[in-house]
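Asks: Structure for the following, please:
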Amino acid sequence: MNIQKISAPEGSIQTPAFKASYVTLSKKNLGEPIAKNVVDTFSKSILPEIKKTVADEAVEIINAAGGPGRVIANAEDFKNNVNFFALAAGSGSRFKALAQTVGDYNKISLPFKIGENENIHMLDFAMAMGKYFIGDEGVNKIVAAAPSGSFGDIVAHYLAGNPIKDTVVCCGDNVFGVSSKELMTFFTKMINDPNKHVALIGAKRAPEIVVDRFGLLGVEGSLKDDSLKLTSFVEKPKAADGGLELARKTAVEGECIANTGMFYISKEGMTNLINEIKSGVNNIKKNETELYDFANAVTYVHSMLPEWFGIPSKEGANVKVVEKWEDVGEPAALYQFANDVKNGQYLHNFPKAIAQKIKDSFGERVQLEAKTPYIAFTDSAKVTESQIANAKNVEGVNIIV
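Replies: Below you'll find the predicted structure:
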């Protein structure tokens, strides 16, 4: 049965009831100050403005997604039947030179001034992706005492007895050039189809760029399609092991599909995985210190679709390809991102007033086309030539603090 067209319930725009949104953090990697200074601040300052439009957008997503209505048939079902996790527990090792120059920050908590007493952070962009799931109390925080891999906190959450739900995951340092509304329409289609158990967001990248850097998604279909079938997943193919040849062979229309780290696993797939782990079977271990890895989890669930559900793996898993995406996990990527924001990109998920404030601030503080490229993290964008000349240089950009 197709979903009927629906309207936002009266009063829902002021008080939407979406709350199944979590951020995973690590005590080892500044988790507690990030919880207070970034997550709680987002919930108090940005979230109230986001809520003014989120209920109507949720209705548009459901109407556009269609499908049998297996899981999401109304706006309340985002809260009741789906969990959204933003992964933000990493150490940011590639980012330390920049983070330590600005202060004692992790990559997802690096502060960028947008007002006299306001900052924007990388994690704010990821949290805004899950805006359809956030309730009045704000984003839920999971601060782990010990690291257990990129998927560890999600496994721990379900092993603790919390209800297993359809699960959507986003990396805390990833930004997308399309809106959460467009991506959630894709995921909602997948969630509402009982034969879909895995879905990923991929990005076009040249074979030479994918090798050693990104997971490689094998797909079937045309890049003109909004949804491709997933045929294979190779985590960061190594050039030394023939990775470039593999990437070229896997390319579609000359383009490889890189894994962005945003994905969906169905409630049923997640239940089977968690039940295996409960029984003592762990097929998603990366190494002895990273017992639960998200890339391994997706690959494993994908491989088990024939056994678990009696369907070919490629029929139960789909990929949506986006043109613009950035993994802002290293300084060079942040500089590119900052320049793009200065030009008005990556701001889809913020209300217009906040988006404009971010754009204006980046425009003032990001000068990468200057004779001496610089980014100012100071309260004032009015910096002197002397400050620019004497600032510490990180990967070709002077950092002014």
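Asks: Output the below-cut-off pLDDT ranges for this structure.
Replies: 1-19, 67-68 (pLDDT under 70).
Asks: can you tell me which residue is nearest the centre of it?
Replies: With distances taken as C-alpha atoms, centre = their mean, residue 170 lies nearest the centre of the chain, 2.7 Å away.
Asks: For residue 88, see how far away it is.
Replies: 10 Å (C-beta to C-beta, to the nearest Å). The C-beta positions use only the backbone N, C-alpha and C, and glycine is treated the same way.
Asks: what sits in contact with each of these two?
Replies: residue 126 (C-beta atoms under 8 Å, 6 or more residues apart in numbering).
Asks: rewinding a little: the residue nearest to the centre of the chain falls within a helix, correct?
Replies: No: looking at residue 170 with DSSP: H, G, I helix; E, B strand; the rest coil, it is strand, so not inside a helix.
Asks: Pairing partners for it in the sheet, please.
Replies: Beta-bridge partners of residue 170, counted by DSSP bridges, are residue 86.
Asks: My guess is it contacts residue 84. True?
Replies: Yes: between residue 170 and residue 84 a contact is recorded at 7.3 Å, counting by C-beta atoms under 8 Å.
Asks: shared neighbours, these two?
Replies: 129, 130.
Asks: Based on its surroundings, how many neighbours for the residue nearest to residue 90 when sequence neighbours are not counted?
Replies: Once flanking residues are discounted, residue 90 sits nearest to residue 29: 6.6 Å by C-beta to C-beta, 6 or more residues apart in numbering. Neighbour count for residue 29, taken as other C-beta atoms under 10 Å: 19.
Asks: before we move on, what about residue 336?
Replies: Neighbour number of residue 336 under other C-beta under 10 Å is 13.
Asks: Which helix or strand contains it?
Replies: helix 331-342 (DSSP states H and E).
Asks: what does that helix contact?
Replies: In contact with helix 331-342 (C-beta under 8 Å, 6+ apart) are residues 94-95, 97-98, 107, 110, 112, 122, 175, 326-328, 346-347, 358-359, 362-363, 366, 368, 373, 375, 394-397.
Asks: Equivalent analysis for stretch 364-384, please.
Replies: By C-beta under 8 Å, 6+ apart, stretch 364-384 touches 102, 111-113, 116, 335, 338-339, 341-342, 361, 388-389, 391, 396-401.
Asks: Tell me the bridge partners for residue 263.
Replies: With DSSP bridges as the rule, residue 263 is bridged to residue 169, residue 200.
Asks: from what I can see it touches residue 301, true?
Replies: No: in this structure, residue 263 is not within contact of residue 301 by C-beta under 8 Å, at 9.7 Å.
Asks: Could you name every residue contacting both of these two?
Replies: residue 198.
Asks: Now do the contacts for residue 230.
Replies: 198, 200, 217, 218, 219, 302, 313, 314, 317, 318, 319.
Asks: In three-state terms, label the fifth one for me.
Replies: What three-state DSSP gives for residue 219 is strand.
Asks: if I look at it, how far off is residue 250?
Replies: 8 Å.
Asks: Comparing those two, which shows the higher neighbour count?
Replies: residue 219 (25 against 19).
Asks: Measure how buried residue 308 is and give me the count.
Replies: For residue 308, the neighbour count with other C-beta under 10 Å is 16.
Asks: Give me the phi and psi for it.
Replies: phi -80, psi -40 (degrees, to the nearest 10).
Asks: nearest spatial neighbour of it, skipping sequence neighbours?
Replies: Nearest one to residue 308, counting by C-beta to C-beta, 6+ apart, is residue 272 at 5.3 Å.
Asks: what sits against that neighbour?
Replies: 301, 304, 308.
Asks: And for residue 39?
Replies: Applying C-beta under 8 Å, 6+ apart to residue 39 gives the contacts 23, 25, 123, 127, 138, 139, 141.
Asks: List the buried residues in stretch 257-270.
Replies: Within stretch 257-270, the residues that count as buried by 16 or more other C-beta atoms under 10 Å are 257-267, 269-270.
Asks: May I have the secondary structure class of residue 286?
Replies: Assignment for residue 286 (three-state DSSP): coil.
Asks: ok, it touching residue 296?
Replies: Yes: in this structure, residue 286 is within contact of residue 296 by C-beta under 8 Å, at 6.0 Å.
Asks: Those two - which one has more neighbours?
Replies: residue 296 (20 against 16).
Asks: Quick check: closest non-adjacent residue to the more buried one.
Replies: Per C-beta to C-beta, 6+ apart, closest to residue 296 is residue 284, 4.0 Å.
Asks: Am I right that the one you found is in contact with residue 300?
Replies: Yes: under the criterion of C-beta under 8 Å, residue 284 makes contact with residue 300 at 5.4 Å.
Asks: Common neighbours of those two, please.
Replies: Joint contacts of residue 284 and residue 300 (C-beta under 8 Å, 6+ apart) are residue 273.
Asks: who's more crowded, these two?
Replies: Using other C-beta under 10 Å, the more surrounded residue of residue 284 and residue 300 is residue 284, with 25 against 18.
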